[in-house]
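Student: Let me see the structure of the following:
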Amino acid sequence: MKTDIHPTYNAVVFRDLASGASFLTRSTVSSDKTVEWEDGNTYPVIDVEISSESHPFYTGKQRIMDSAGRVEKFNQRFKSFGK
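Tutor: Below you'll find the predicted structure:
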């Protein structure tokens with residue numbers, strides 16, 4: 001294996017913005033923001049929109065999509081198209 005071509009692989013905290021859950025794992029991503037973890041050490045933190053704590057597939061909770069509102073919005077936008 002070649003030396004000095006691989007990214008650094010360090011401990012990182014991923015924080016789910018939807019549920020507020022946090023996970024300590026290892027990753028090659030880094031961040032300027034840090035957080036103090038339960039063990040007293042400070043780790044870089046990455047904020048994510050969805051994780052297994054908030055994803056409908058893992059939680060079994062489906063979010064209601066406003067499909068009628070989207071269709072009406074599309075029709076309003078393009079009602080005069082082609083006239």
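Student: From here on, just use CA atoms for contacts and neighbour counts.
Tutor: Will do.
Student: all helices of this structure, in order?
Tutor: 56-59, 67-78 (DSSP state H).
Student: what's around the nearest residue to residue 32 once chain neighbours are set aside, how many residues?
Tutor: Leaving aside its chain neighbours, residue 32 sits nearest to residue 44 (6.7 Å; criterion: CA to CA, 6 or more residues apart in numbering). Neighbours of residue 44 under the rule other CA atoms under 10 Å: 19.
Student: Residue 44 and residue 8, how far apart?
Tutor: 13 Å (CA to CA, to the nearest Å).
Student: What of residue 33?
Tutor: Taken as CA to CA, the span from residue 33 to residue 8 is 17 Å.
Student: try residue 72
Tutor: 49 Å.
Student: Quick check, residue 49 in contact with residue 14.
Tutor: No: taking contacts as CA atoms under 8 Å, residue 49 lies outside contact range of residue 14: 10.2 Å.
Student: out of these two, which sits in the more crowded spot?
Tutor: Taking other CA under 10 Å, residue 49 and residue 14 do not tie; residue 14 has more neighbours (20 against 11).
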